[in-house]
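Undergrad: no sequence on hand, only this structure:
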């Protein structure tokens, strides 16, 4: 994607990580997982998750499929692709570099 | 998301909207359900869920945009990118599009004619239930294999209808005649129209109704001559009467057998119905009862085809079983009527089996004559298509190599190989689509031209070539095949680029050259077949043209003339014909004039048995031809012995003064100088006596293919319709004016009906061969040029790549000749394989087309040597420039270059 701002890439990183760890999930499940994991630290409007999901889908990082879930409801279930996995590794590395860099600056300044 | 579902999204965004709405609703419902579980009121739970979700509409809109735009964009991006790529090197692209569109256009044009002439079902309901009847041709000993007999007689038709019962309804369908039509008033301008006789129930059997008024009905079948009515074709109605509904009840004059030729228009047939013979459109149908009265009782008078519609579930075999006994009775009747018939021929009649064919695509003489040539031409066009594809593939291959740096860059930046293939295929698709569109336009102009090549004035060929889904599909399919054929290979090649080697500048040249060489070999192979076939067709035509016909066709105008003199008065007619001949001969520019009942090479003939004293009737029937004095002089047929006809020789003398040709003299009278000898011919129960007064050189009568046939010439007799030969150096128009100045003075109502020349008449009998030679020759040339271009491209590239090597060789003292030989060896290696494959292919091809050739052996050394020679020349020309380049490599520059 051409315009990468930090909120967007943070959200991307979260979604990719969750899909990587927990396997295929629908949008609602991803939203819940983000809240649980970040212990409500990241408060986002749940809806804004969806354009992000669709953008990542277009980029080929994740794929979606309509499936019947546990309580017999139809849901659009997302899963990670190989490209997505590579992307996750790259993003994660960038994030670690960035945060350790910031940490060093904070420590040394 | 897959390419396909993107496309689906772009094409139908409504599905996408549903999808999005469903997904968001699902989320909201799940959240509400959980909140309810936590103890909230249902309405409050919904409110909370919506609050946490945010602005639903906005989210849906932005998601929709992402998914929709991405879909469109990726396609547009590919196309845009492809377009930019094309604009970068327009020369290559223009070459590609032109050669492809030529190939696609030629194929589509030929296919559209094939489709209209023999594949497309008739535009009537349930054409698959139609059958046509035919009977085996009767083989004359020593003659060609005869055509099937499709013409039947009226008494047999009536008996067959009775025997058919409910299994099949039989319709009488007359041949399409070109006749004169005009308004009812005297002296109204006439025009030629296509006219056909039909039984009253024919329209009903075919399932064709009226667009206006009525069609023919069984009532029109009641009595001979009793229903002078006419039904117009929709096309003719529009063309001639501008679709005027008041045409009903109008009188028109048709030059037919009816007493006064006046017919009343009673209706117009449904739009799109042109009769049952593709290639010959009918303008006017009239009831069969308006044909000559004698035809309805005389079984010797065969004048129409029979087309039947089977009841549902009936098979052609059952139809045959029902009709065969009647057919046999009538065939046996023929044998009984001709007591002198030789047993070999009588047996053919007695054992003849009626043939019942499916007629869903109608009946056609055109199909009989042209189906093989057209398929061959389509095959030849297919060869051109493959050559063009191979050529384009090697051009694109070269382009891909020049772009391998770009490809390597994209791959190392993470582009998927499939994505690259997709990009390149999009480019090929764009090329093929442009070429296909251009090819379609080309086909629309070429097809009518091709049909025109097959038409003669006397029998124009006409096809429904309107835009048709089958032809469009064919054109699209051909373009698609082209894309795959020429697009996939370069794409594959590009996707296989190894970024490391490519970026270091070592493009995969070796494999590119291998592939290029293979492409060139393919081109050479196909092109060789085309050149061999083209050469064979051209040689055949040449052989036909150089046949010694025994007459000089140049500068001879042939006019058909008619008069109003009563048919019974033969003497008055003969006197008038003599007056006309004299009047025309008197003109200073006329070198000779002669009269005959019909012209040679016009398709008409009279054959009869010959009875030589002391022997029985001949097995073969020979040609008898009535001619006036001056005939041999006008046609420049040499008189070898005795003398030609003069004014005193009349048709009613006994014995009849007769001139025979050498072939006849040798076969029947035992020598060449047979002046004074006599022979007979059967005339009903009696015999007519002939005495030879002159012997002329052999001359062809109706076909250039047939060798010298025995011909008997006898004195002309009176006729109301006859042909006038005029030898004159003047042009046709002036000759016609000379004749028309003379006509009013020689007799009542004498006028010129048809104008042609003897060369045209002769040429019309070899239209098929001309067509094959024209198109075969053109395609052979095209194939040769394409193959030469392919050769040139690859050789030139090879030399460019080896510049350094050549430079080193030159620096080490290699002579120019040796450097040229480098290219020569390359050339030989490339042509060799293709040539061997082509040689085998062309031998098979020549065997397949043998029956269409003339004066050539199946394995004809002239043809093959010509083809090899042409290839040698093309190869030398193609290799000349690269070889020159190799020879002039300057070692210093070459070695510094890289």
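TA: Alright, I've got the coordinates. Keep in mind that what you see is a predicted model, and the values were worked out from it rather than measured. Numbers count the residues shown, from 1 in each chain, chains lettered A, B, ... in the order given.
Undergrad: what ranges does chain A have for its helices?
TA: With helices called from DSSP state H, chain A shows them at A:6-22, A:27-37, A:49-59, A:82-108.
Undergrad: how about the ones you listed in a markdown table, adding distance to chain B?
TA: Where you see a C-beta, it was placed from the backbone N, CA and C, and this is true even at glycine. Rendered in a markdown table, the data for the helices of chain A read as follows (distance: least, C-beta to the nearest C-beta, whole Å):
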| stretch | distance to chain B |
| --- | --- |
| helix A:6-22 | 12 |
| helix A:27-37 | 4 |
| helix A:49-59 | 4 |
| helix A:82-108 | 8 |
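Undergrad: most packed of those helices?
TA: helix A:49-59 (a mean of 22; mean count of other C-beta atoms under 10 Å in any protein chain shown).
Undergrad: other SSEs contacting that helix?
TA: Contacts defined by 3 or more C-beta pairs under 8 Å, 6 or more residues apart in numbering or on different chains; DSSP states H and E place helix A:49-59 against helix A:6-22, helix A:27-37, strand A:62-68, helix A:82-108, helix B:13-37, helix B:56-88.
Undergrad: let's see it at 7 Å
TA: helix A:6-22, helix A:27-37, strand A:62-68, helix B:56-88 (3 or more C-beta pairs under 7 Å, 6 or more residues apart in numbering or on different chains; DSSP states H and E).
Undergrad: give me the distance from the third one to the chain's centre.
TA: Taking the mean C-alpha point of strand A:62-68 and that of its whole chain, the gap between them comes to 16 Å (C-alpha atoms, centre = their mean, to the nearest Å).
Undergrad: got the angle for it vs helix B:13-37?
TA: 70 degrees (axes from the mean of the first three to the mean of the last three C-alpha atoms, to 10 degrees).
Undergrad: parallel or antiparallel, which strands does strand A:62-68 pair with?
TA: strand A:74-80 (antiparallel) (DSSP bridges).
Undergrad: what's the following helix or strand after the helix or strand harbouring residue B:739?
TA: Using DSSP states H and E, residue B:739 falls within helix B:732-746. Sequence order places strand B:751-757 as the next helix or strand after helix B:732-746, per DSSP H and E.
Undergrad: report the angle between that following strand and helix B:732-746.
TA: Using the same axes, to 10 degrees: strand B:751-757 against helix B:732-746 is 150 degrees.
Undergrad: hmm, back to that, redo the helices of chain A as CSV? Include mean pLDDT.
TA: Converted to CSV, these look like this (pLDDT from 0 to 100):
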stretch, mean pLDDT
helix A:6-22, 82
helix A:27-37, 85
helix A:49-59, 86
helix A:82-108, 86
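Undergrad: can you redo these as CSV with distance to residue B:219?
TA: Converted to CSV, the helices of chain A look like this (distance: least, C-beta to C-beta, whole Å):
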stretch, distance to residue B:219
helix A:6-22, 83
helix A:27-37, 78
helix A:49-59, 74
helix A:82-108, 80
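Undergrad: residue B:584 is nearest to which of those helices?
TA: Closest approach to residue B:584 among those (C-beta to C-beta): helix A:49-59, 87.7 Å.
Undergrad: would you map the strands across the stretch 151-300 of chain B?
TA: Assigned by DSSP state E, counting those that start in this stretch, the stretch 151-300 of chain B shows strands spanning B:152-153, B:168-174, B:177-182, B:190-198, B:210-213, B:229-232, B:251-254, B:262-269, B:284-287.
Undergrad: and the third one, which strands flank it?
TA: Strand B:177-182 sits in its sheet next to strand B:190-198 (antiparallel), strand B:251-254 (antiparallel), going by DSSP bridges.
Undergrad: from the chain's centre, how far out does the last one sit?
TA: A distance of 34 Å separates the C-alpha centroid of strand B:251-254 from that of its chain, computed with C-alpha atoms, centre = their mean.
Undergrad: which parts of that strand are buried?
TA: B:252-254 (16 or more other C-beta atoms under 10 Å in any protein chain shown).
Undergrad: hang on, the earlier thing: closest one to residue A:64 among the strands paired with strand B:177-182?
TA: strand B:190-198 (65.4 Å).
Undergrad: weakest of the strands of the stretch 151-300 of chain B by average pLDDT?
TA: Lowest mean pLDDT within these: strand B:177-182, at a mean of 87.
Undergrad: taking strand B:262-269 as reference, get the angle to that one.
TA: 110 degrees.
Undergrad: quick one: buried residues of strand B:177-182?
TA: B:177, B:179-182.
Undergrad: just send those back as a markdown table, with distance to residue B:426 too.
TA: Below are those laid out as a markdown table (distance: C-beta to C-beta, whole Å):
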| residue | distance to residue B:426 |
| --- | --- |
| B:177 | 56 |
| B:179 | 58 |
| B:180 | 60 |
| B:181 | 57 |
| B:182 | 61 |
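Undergrad: out of those, who's nearest residue B:743?
TA: residue B:180 (16.5 Å).
Undergrad: for residue B:55, what are its contacts?
TA: residue A:47 (C-beta atoms under 7 Å, 6 or more residues apart in numbering or on different chains).
Undergrad: quick one: pLDDT of it?
TA: Residue B:55 is assigned a pLDDT of 82 by the prediction.
Undergrad: ok, the nearest residue to residue B:107 once chain neighbours are set aside to residue B:646 distance?
TA: Nearest non-adjacent residue to residue B:107, counting by C-beta to C-beta, 6 or more residues apart in numbering or on different chains: residue B:381, 4.7 Å away. Per C-beta to C-beta, to the nearest Å, residue B:381 is found 56 Å from residue B:646.
Undergrad: do the same with residue B:563
TA: 24 Å.
Undergrad: which single residue of the stretch 651-800 of chain B ends up nearest chain A?
TA: Scanning the stretch 651-800 of chain B for proximity to chain A using C-beta to the nearest C-beta identifies residue B:797 as nearest, at 37.4 Å.
Undergrad: show the backbone phi and psi for that residue.
TA: Main-chain dihedrals, residue B:797, degrees, to the nearest 10: phi -60, psi -40.
Undergrad: what's the neighbour count on it?
TA: By other C-beta atoms under 10 Å in any protein chain shown, 19 other residues sit near residue B:797.
Undergrad: and the one 3 residues further on, by the same measure?
TA: Here the count is done by other C-beta under 10 Å, and residue B:800 has 11 residues near it.
Undergrad: which SS state does it fall under?
TA: Secondary structure state of residue B:800, per DSSP: H, G, I helix; E, B strand; the rest coil, is helix.
Undergrad: and the gap between the most centrally placed residue in chain A and residue A:55?
TA: Nearest to the geometric centre of chain A sits residue A:15, at 1.4 Å (C-alpha atoms, centre = their mean). Between residue A:15 and residue A:55 the distance is 10 Å, computed by C-beta to C-beta.
Undergrad: can you list the residues of chain B near chain A?
TA: Applying C-beta under 7 Å from any C-beta of the partner chain, we find that chain B lies next to chain A at B:1, B:23-24, B:26-27, B:30-31, B:52-56, B:59, B:62-63, B:66-67, B:70.
Undergrad: tell me if I'm right that residue B:35 and residue B:49 touch.
TA: Yes - if you go by C-beta atoms under 7 Å, residue B:35 and residue B:49 touch, sitting 6.2 Å apart.
Undergrad: which of the buried residues of strand B:251-254 sits closest to residue B:539?
TA: residue B:254 (45.8 Å).
Undergrad: that closest one: what's it in contact with?
TA: Taking C-beta under 7 Å, 6+ apart as the test, what residue B:254 contacts is B:179, B:181, B:195, B:230, B:261, B:263, B:284, B:286.
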